[in-house]
Structure formats: C-alpha cells, structure tokens
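Asker: Test case, fold it:
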Amino acid sequence: MESGILSWSWNGWKEAYNDDSVHLFLDGFAAPDPGIEPRNDTRCIENLAGQIIDLYKCKGSGFVDSLRGSFAIALWDARERKLILATDHFGTRPIYYTNLDSPFGFAPRISCFAAASEIKKVVDPNSLYFYLNHSFIPAPYTIYKNIRRLEPGHVLIRVNGGVAVQRYWDVSYDEDFSLNEAAAAASLSTSVEDSVRFALRAGSPQVSEVGAFLSGGTDSSTILGLLGKAASRQVKSFSVGFEEAAYNEIHYARVAAKHFNSDPHEYFVRPEETLDAMPTLAAAYDEPFGNSSAIPTFFCLKMAREAGVKIMFAGDGGDELYGGNERYITEKFFTLYQQIPDPVRAAMDWSAETIPGFYPWRKVKNYVRKANQFPVDRFFSYQLYFRDHADELLSEEFRDAIDREFPLDVPRRHYARVANCAPLNRLLYVDLKLAVADNDLFKVNRMAEAHGIQVRYPFLDTHVGTTAGRIPAGFKVKGWSKRYIFKKAFENFLPREILRKKKHGFGLPTGEWLRHHPGFRDLARSLLLEPRAVQRGYFKRPALERLLRLHDEERSGYYGSYIWYLMMLELWHRHHADVTSG
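Answerer: Prediction:
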C-alpha cells in the first residue's frame, strides 16, 4: 500500500489477490446477492473473494451494495490508489480507523494500534461518560478521540489522501399493510430459515464443527431448530446456568434441546471461576465494556471450543427486529397518556405538578412525568445513573470535560433518522443500532475471538431485515403481546413451553456476588478505591464509598450493575490504557 497508510496483520482474515492490482482482505463470509453456492473444497473462501473482486471491477466502489453476508472488507486498488473499507449491513464484523490525519491507519480491533507510536491515543471523555451510562461505547466513537469504528452498513473510501464515509444500506420500515397475519408470518419464517441455510453453506463447514447458543428463549431455540433442519443432522447446543436459582433458566434450554434433538452441553458458572476469568475478560475487551452477560458468553464459548466447535450460531437481533423486549410494552403503556383528551391531560399535568406526592398519588405523578418526556429520552431514562447523579459522583474536572447530554444525543440521532416510521419501529431501530450493533455483537465477538471461534447471526441478514421492515408494527407488538407475529410464524415449530415462556427479568448474579462473595467484594473495593484508580480523576472517592454501601444495604442488583461498570473500566485501564501509555 502507499506510504501514509498503516495496516496490520488481519488475524484470521483471508487474503485474495487478483493480478497484483487488487488486494482483498475478508473477515467473515460474503457472497454476491443472490447468493452463490460455495463448493466444499479448501479454495472456497478464495473463490468467494475472487468473485467479490470481480464484482468490484464491474461496479467500482458500489460493489458492496450487491453483497450479502457477515463481513468486514478491506480492499486496496493499486492502480487507482484507492482503499475501501466496508462493514456489513448490521455491523457484525468491526473495522477501526484513525481520524483523517496522517498517517491513516485501519485494523480489525483497537489493540492492533497499540504498537503504532505514530497514532496518539487520547481518552475521549464523552465516550467514557457514555460508557458509564450505557455499559458500552457507540459507533462511530471509540474510547479514543482519534480512532473511529465504521458504523453498520457504511463504507469508507480513501483516494489520494482524501477520505469519505458513506452509508450504503440501512434498515427500512416500509410497512406493507396489505399483509394479513398469515402472510406476514409465512414471509418471516421463510426469510429466517433461508438465512440459516445461507450462513450454514458459507465455507461448507463440517456439521461436527458447528454449534448453537441456547438460552431457552424463542430466538436461540428457533435458530437451533432451523440449524438442525438445514444440517439434516444432530447439532451441538451450548447452555449456561447459575447455581443461584433466581438467575437460572437452564430448564427452558433443556426443553428446546430435547425438542430439537440437539447434542446438549451445559455449564454452571460459579463466582470462583468468574474471578479467575476476569483477566481474560479484561484483556479481550480493548475498550471499556460493562455488560456482565459477557461472563456466561465466555463460559459458553469455552465449552464450545472444548467440544471442537469452530462456528457458533447466535440468535442476536430477534427481539429488536420483532418487538421482543419488555420495554416496548412499557413504552406503549406510556404513549396511552397522549391519547387522553387535551383538557383532561392538562388537568392531570397541573395536578401532578401541584398536589403533594403521597402514596398512591406518587405513582400517578411519576407516570405523568415520564409520559410527558420525549419518547427516546424516556426509553433510556432508567439507565442514566451517572448522568442523573453527575454532580454527586463525578469530579469537577471530568464534569467540565463532558457534554452532559451526550448519553442521550446518540440515541436521539438514531431516533430522528427514522422520523417517518411507526413509534415502535423507531425504537426497534434505535435498539438495532445500540443494543445490538454496539453492545451484543461487541460482547459476543470479543469472547469468540478469545476462544478462536467465529459466530454467525442469521437474524442479522439483509433478507431478514428487509422482511421484518415490511411487517406492520401492529403485528410485532399486538395489544400487550410481545413478538406476536414471530410466535405466530413458529407456533408449530417451537415447543409450547418456550412460546409461553416469559422473558427472564433477573439478569445475572453479579450483584449477589458483589454483596456476598469475599473475593468479589475485595476486588470491587480494590478496583474502585485504590489510589491509582482514584487518581485518574473521574470520580469522587466518598461517592464511590457510598455507592458500595448502598449496594450492601439494598436487596436488588440495581447498584451492583454500576459497580460492575466501574470495575470493568478500571480493569480496562490496567490491561490496555496504562500499558500503551506507559
């Protein structure tokens, strides 16, 4: 490549050359759409890459419009002196790049930049502030000011030192109101089944090397069943449980495994093993990441690797495409307030502002207050602890460096992008961008890399996304029933117990461990209160001590979630930022 462009060894990527003028690096799998049938030989990936290069020579920079799959691509055209970076439609494979200053660098993960002295790594206070409120950092931002992540469905083109970033695809909500329930359900099931077959064909893996995550929910159960159907053989399923009964749902995984005749593998996670795995978790996430469900994901993939699995199928994205999260119902409950006649609503607004908050009127006041919030602000209001308590928790220096509205400005921009859609679809879109692309995929992909496993996401496929966008929002959440049309589509495929299962609401037992397990209690206090942690200048030590006390006094895991965020932030500093800056 030309001078001024820094690139790194793409660990696990396939490299294809074409007459020394075009070089293609491909992570994941991609094929021209309509898809081609990969041949079962060792040249399969190279053949696909060659066809992608041919597509580029035919269509130029717009070649990515014609691709289907789960991919990240770096293409260098030596004759045109052109570099093209592209990530797939849902962002299942990441690409990072430096800001537009010279030298320009790109890599599959931030840690690849660690040895590059030319690239200065300065922590972005707004990104860190967003992390504290959401547990992850959203694209295109990263923890560093001068490094960016390519957003889903985007392509970056660099020619002669000039750089342009463009969106080439996005989820579209063109609701087809001519669809009845039967037709919508049929199109949904057909698209998902086709996506599973497509993902299974790519690279023609041995069935013995393929497995599936299985939580016992509708998404993972559906993917497992369709995978077994596509493979025409028994496939391996992997489920994780906890010894704490309130957090254990492995019963439903067993129901699905038996129903679909999978080869089930189970693992019960204990706090002692999690403590031992903490350094691996911290090393794997080269940005701060506080989603504690990385723990069961880690052990699930460890189990899969030990069983000889190289490719795992995951059900991520189903809730966000078809309306499966409880907060969509909660949001519908709040929107009912706007349907009250104006005079009555005005009287309720006045009453909520003036009448004292005695019980049960206090609940009414709280409902009115939330109902009058901007929808996307209300949608995230429950998780903005560090925004709502910034004066109490954050140092004056850190507060002065941040934009207080940044944790909401990012979802607001996503929400505004689909302004002409049904209210439910607007929230689904926001969750696809943040909860899925920035959170769930980052969680699973990093744990998969740590175990040498590739993950495929059949729900995150253009055909599935397009089909979901055509289905009317009223079929996704019907009345007070979540993912109504999805359950309709698979009512004769999934076990009845899975279809009737209520979504698990207890999360993970990290809060219990932080309250009762000596090792976790000591680790939390060490990471939050040691001088080197306090001297970073983000937080007020008395506020952190109070946070730890509040968690000990409360029976819920509310404060434990934020303590976990802080622990993972400090571990990130010690494993990554301190190392590269030292």
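
Asker: quick one: the helices in the stretch 201-350 of the chain?
Answerer: Applying DSSP state H, counting those that start in this stretch to the stretch 201-350 of the chain gives helices spanning 218-231, 250-259, 271-284, 294-306, 318-322, 326-335, 342-354.

Asker: Flag every buried residue along the first one.
Answerer: Meaning helix 218-231. 218-228, 230 (16 or more other Cβ atoms under 10 Å). Just so you know, the C-beta spots here come from the backbone N, C-alpha and C atoms, and that holds for glycine as well.

Asker: okay if I get those as TSV plus pLDDT and distance to residue 576?
Answerer: Shown next, in TSV, are these (pLDDT from 0 to 100; distance: Cβ to Cβ, whole Å):
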residue	pLDDT	distance to residue 576
218	96	37
219	97	32
220	97	31
221	97	37
222	98	37
223	98	33
224	98	35
225	98	40
226	98	38
227	97	35
228	97	40
230	95	39
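
Asker: nearest to residue 499, of the helices of the stretch 201-350 of the chain?
Answerer: helix 218-231 (7.0 Å; Cβ to Cβ).

Asker: Taking their axis directions, that closest one and helix 250-259 sit at what angle?
Answerer: Angle of helix 218-231 versus helix 250-259, following axes from the mean of the first three to the mean of the last three Cα atoms, to 10 degrees, is 20 degrees.

Asker: If you count contacts, what does helix 218-231 end up packed against?
Answerer: Applying 3 or more Cβ pairs under 8 Å, 6 or more residues apart in numbering; DSSP states H and E, one finds that helix 218-231 contacts helix 181-201, strand 210-213, helix 250-259, strand 311-313, helix 318-322, helix 496-500.

Asker: So for this structure, which residue is the most central one in space?
Answerer: By Cα atoms, centre = their mean, the chain has its centre lying nearest to residue 440, at 2.5 Å.

Asker: Report the contact partners of it.
Answerer: Shown in contact with residue 440 (Cβ atoms under 8 Å, 6 or more residues apart in numbering): 291, 316-317.

Asker: Out of those residues, which end up buried?
Answerer: Of the contacts of residue 440, these count as buried by 16+ other Cβ under 10 Å: 291, 316-317.

Asker: closest to residue 390 among these?
Answerer: So of these, ranked by how close each gets to residue 390 (Cβ to Cβ), first place is residue 291, at 21.8 Å.

Asker: Please tell me how far residue 291 sits from residue 195.
Answerer: Counting by Cβ to Cβ, to the nearest Å, the gap from residue 291 to residue 195 is 25 Å.

Asker: can you count the residues close to residue 534?
Answerer: With neighbours defined by other Cβ atoms under 10 Å, the count for residue 534 comes to 15.

Asker: Mind pulling up the pLDDT for the residue lying closest to it once chain neighbours are set aside?
Answerer: Excluding the flanking residues, the one nearest residue 534 by Cβ to Cβ, 6 or more residues apart in numbering is residue 541, at 5.0 Å. On pLDDT, residue 541 comes in at 97.

Asker: quick one, phi psi at residue 541?
Answerer: Main-chain torsions, residue 541, degrees, to the nearest 10: phi -60, psi -40.

Asker: same question, residue 446
Answerer: phi -70, psi -40.

Asker: Who are the contact partners of the closest residue to it other than its chain neighbours?
Answerer: Spatial nearest neighbour of residue 446, chain neighbours left out: residue 284 (4.6 Å); criterion: Cβ to Cβ, 6+ apart. By Cβ under 8 Å, 6+ apart, the contact list for residue 284 reads 446-447, 449-450.

Asker: who wins for neighbours among those?
Answerer: Ranking the contacts of residue 284 using other Cβ under 10 Å puts residue 447 first, with 25 neighbours.

Asker: that older thread, and the residue nearest to residue 446, what's its pLDDT?
Answerer: 95.

Asker: what does the one 10 residues further on give?
Answerer: With respect to pLDDT, residue 294 scores 96.

Asker: Tell me, how many residues neighbour the residue lying closest to it once chain neighbours are set aside?
Answerer: Ranked by Cβ to Cβ, 6+ apart and with sequence neighbours excluded, the top spatial neighbour of residue 294 is residue 443, at 5.1 Å. For residue 443, the count of nearby residues is 22 (other Cβ under 10 Å).

Asker: other SSEs contacting the helix or strand that contains residue 443?
Answerer: Residue 443 is part of helix 441-450, with elements assigned from DSSP states H and E. Judged by 3+ Cβ pairs under 8 Å, 6+ apart, helix 441-450 is in contact with helix 271-284, helix 294-306, strand 454-456.

Asker: among these, which is the most enclosed?
Answerer: Mean neighbours per residue, mean count of other Cβ atoms under 10 Å, is largest over those for strand 454-456, with a mean of 23.

Asker: which ones are touching residue 181?
Answerer: 475, 485, 488.

Asker: Going through the residues you listed, which ones are buried?
Answerer: In the contacts of residue 181, the ones that pass as buried (16+ other Cβ under 10 Å) are 475, 485, 488.

Asker: possible to save the residues you listed as a markdown table with pLDDT and secondary structure?
Answerer: A markdown table is the format used below for the buried ones among the contacts of residue 181 (pLDDT from 0 to 100; DSSP: H, G, I helix; E, B strand; the rest coil):
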| residue | pLDDT | secondary structure |
| --- | --- | --- |
| 475 | 98 | helix |
| 485 | 98 | helix |
| 488 | 97 | helix |
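
Asker: ok, those vs residue 534, which is closest?
Answerer: residue 485 (51.3 Å).

Asker: okay but that closest one is in contact with residue 324, surely?
Answerer: No: in this structure residue 485 lies outside contact range of residue 324 using Cβ atoms under 8 Å: 10.8 Å.

Asker: how about residue 153, phi and psi?
Answerer: Residue torsions, per degrees, to the nearest 10, at residue 153 are phi 70, psi 30.

Asker: Quick one: low-confidence residue ranges for the stretch 401-550 of the chain.
Answerer: For the stretch 401-550 of the chain, applying pLDDT under 70 flags the ranges 503-507.

Asker: could you redo the last one with a cut-off of 50?
Answerer: 505-506 (pLDDT under 50).

Asker: Likewise for the stretch 1-150 of the chain?
Answerer: For the stretch 1-150 of the chain, residues meeting the criterion pLDDT under 50 lie at 3, 9, 11-12, 35-46.

Asker: how about the helices in it?
Answerer: All helices of the stretch 1-150 of the chain, identified by DSSP H, counting those that start in this stretch, fall at 44-59, 125-134.

Asker: Most tightly packed of the ones you listed?
Answerer: Greatest average neighbour count among those goes to helix 125-134 (a mean of 22), per mean count of other Cβ under 10 Å.

Asker: got the CA coordinates for that helix in PDB?
Answerer: Extracted C-alpha coordinates of helix 125-134, given in PDB (Å, rounded to 0.1, in the frame of the first residue of the first chain):
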ATOM      1  CA  PRO A 125     -14.300  12.000  28.000                       C
ATOM      2  CA  ASN A 126     -17.600  11.900  26.200                       C
ATOM      3  CA  SER A 127     -17.100   8.300  25.200                       C
ATOM      4  CA  LEU A 128     -16.200   7.300  28.700                       C
ATOM      5  CA  TYR A 129     -19.200   9.200  30.000                       C
ATOM      6  CA  PHE A 130     -21.500   7.400  27.500                       C
ATOM      7  CA  TYR A 131     -20.000   4.100  28.700                       C
ATOM      8  CA  LEU A 132     -20.800   4.900  32.300                       C
ATOM      9  CA  ASN A 133     -24.400   5.300  31.500                       C
ATOM     10  CA  HIS A 134     -24.900   2.500  28.900                       C
END
